[in-house]
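**Student:** Provide a 3D model corresponding to the input given below.
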Amino acid sequence: MAYVIACGDEGVQINQGTRLGVVGSGFKLEGFSEVVAIFKKLFGDQLYIVANEENDWIKEKMELATWEQTTATAQQQIQALADKENLTYGGFLPFTDPKQLVDGIKGHMVRPHKVHIANNISFTLGGGEQKFHLGRYVISADWVSEADPKFVKTFVQTQVDFYQKLAGDLKLGFTLEETGELGADVAAKNKAVLASLGFLS
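**Tutor:** Below you'll find the model as predicted:
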């Protein structure tokens, strides 16, 4: 099974492969290298990373004016990030029919152009996103029991705050996805960490 680090944007759909949701695919996200190291411990060294169209995080971080600029920049920057973190760059997810990427990975963008429609954030706990649901942003918490709680709090809160900003006045709820190849015990440990840090209240 291919594990694919991809933006947690609700429009990102990995049709073949399993998404590990990280805002902006980890671009300019403090602590991303530490999380990648834990991902490799959990899922093996053969990890993939992909870019996507209309990436709000990259647009903001690079202070870009248009989506056209953002699309070009996202591909360049995520490919460079793949090299830096020794990940396999899987390619780019556009607003088209599912696109075949490398090593059997397939995916695309499915939300409306320039519109966010998610109403909650889903934390994956047991091995990445198991079932796509258009109404949620995805944050991988499959790794949190392996890291220092203070670091986890900062890393996860940064993502939660960004998605809440995209949602505006709509207060995002939280859902959990507890299945996956890591198993129920690991998922329970990760859930306990999130609860202790106040993310589930």
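**Student:** which residues does the residue lying closest to residue 43 once chain neighbours are set aside bridge with?
**Tutor:** Nearest in space to residue 43, with sequence neighbours left out and distances taken as Cβ to Cβ, 6 or more residues apart in numbering, is residue 3 at 4.6 Å. For glycine as for every other residue, the C-beta is placed from the backbone atoms N, C-alpha and C. With DSSP bridges applied, residue 3 shows beta-bridge pairing to residue 18, residue 47.
**Student:** quick check: residue 3 touching residue 20?
**Tutor:** Yes: with contact defined as Cβ atoms under 8 Å, residue 3 reaches residue 20; the gap is 5.8 Å.
**Student:** where does the residue nearest to residue 43 land on pLDDT?
**Tutor:** On the pLDDT scale, residue 3 is placed at 98.
**Student:** roughly how far does residue 24 sit from residue 56?
**Tutor:** The gap separating residue 24 from residue 56 is 8 Å, by Cβ to Cβ, to the nearest Å.
**Student:** comparing those two, which residue is more hemmed in?
**Tutor:** residue 24 (27 against 19; other Cβ atoms under 10 Å).
**Student:** assumed that one was part of a helix.
**Tutor:** Yes: assessed by DSSP: H, G, I helix; E, B strand; the rest coil, residue 24 belongs to a helix.
**Student:** follow-up on the earlier one: for the residue nearest to residue 43, give me its contacts.
**Tutor:** Residue 3 makes contact with 17, 18, 20, 39, 43, 44, 47, 48, 128, according to Cβ atoms under 8 Å, 6 or more residues apart in numbering.
**Student:** if we go to 6 Å?
**Tutor:** Neighbouring residues of residue 3 by Cβ atoms under 6 Å, 6 or more residues apart in numbering: 18, 20, 43, 47.
**Student:** got it, and residue 100?
**Tutor:** Taking Cβ under 6 Å, 6+ apart, we find residue 100 in contact with residue 106.
**Student:** what bridges to it?
**Tutor:** Judged by DSSP bridges, the bridge partners of residue 100 are residue 106.
**Student:** I'd like the distance between it and residue 87.
**Tutor:** Counting by Cβ to Cβ, the gap from residue 100 to residue 87 is 19 Å.
**Student:** before we move on, what about residue 132?
**Tutor:** Residue 132 is 22 Å from residue 87, by Cβ to Cβ.
**Student:** who has more neighbours out of the two?
**Tutor:** Neighbour tally, residue 132 and residue 87, criterion other Cβ under 10 Å: the higher count belongs to residue 87, 24 against 15.
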